[in-house]
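A.B. asks: Sequence and predicted structure, then a few things I'm wondering about:
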Amino acid sequence: MPRPPGAPTLDPVSEEVRESSEDQTGADAGTQDAVLLFVGGPLDGRVEIREARHGEPLPTVTHVHLHGGPKVVHRYDLTPLGPQAGVYHLRPRQTVRDQSVAE
């Protein structure tokens with residue numbers, strides 16, 4: 001027997017929400033969450049789900065590790081794999097000289 005409109009249900013997802021999610025088209029593809037994988041460095045193997053409300057994934061992510069010694073900075077560059085997926089690869093380390101010390 002069909003359920004009358006507005007009648008309570010045990011289904012946690014309302015019919016309206018289910019219908020709107022089924023109606024999504026390619027135009028809404030940019031509003032979906034992105035799956036991002038980290039390769040190399042301290043974040044190696046990490047998978048992050050970036051919610052669509054945060055916008056497009058950043059082209060570069062900086063990870064700073066703070067501990068008892070000097071801070072360690074790693075940078076990851078994004079390689080897109082499609083509209084909702086990408087891989088952050090560890091950027092090769094660059095030697096930085098302290099310019100504040102006179103030679």
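C.D. replies: Looks like it arrived, so ask away. Residues are numbered from 1 along each chain as shown.
A.B. asks: For the closest residue to residue 37 other than its chain neighbours, give me the pLDDT.
C.D. replies: In space, and not counting its chain neighbours, residue 37 is closest to residue 87: 4.9 Å by Cβ to Cβ, 6 or more residues apart in numbering. Quick note: C-beta positions are derived from backbone N, CA and C, even for glycine. Note on residue 87: pLDDT of 97.
A.B. asks: show me the contacts for residue 87.
C.D. replies: Residue 87 is in contact with 36, 37, 38, 39, 78, 79, 81, counting by Cβ atoms under 8 Å, 6 or more residues apart in numbering.
A.B. asks: In terms of helix, strand or coil, where does it fall?
C.D. replies: Reducing the assignment to helix, strand or coil with DSSP: H, G, I helix; E, B strand; the rest coil, the entry for residue 87 is strand.
A.B. asks: which residues sit in contact with residue 33?
C.D. replies: 49, 50, 51, 52, 84.
A.B. asks: before we move on, back to that, quick one: which of the contacts of residue 87 has the most company?
C.D. replies: Within the contacts of residue 87, neighbour counts (other Cβ atoms under 10 Å) peak at residue 36, which reaches 22 neighbours.
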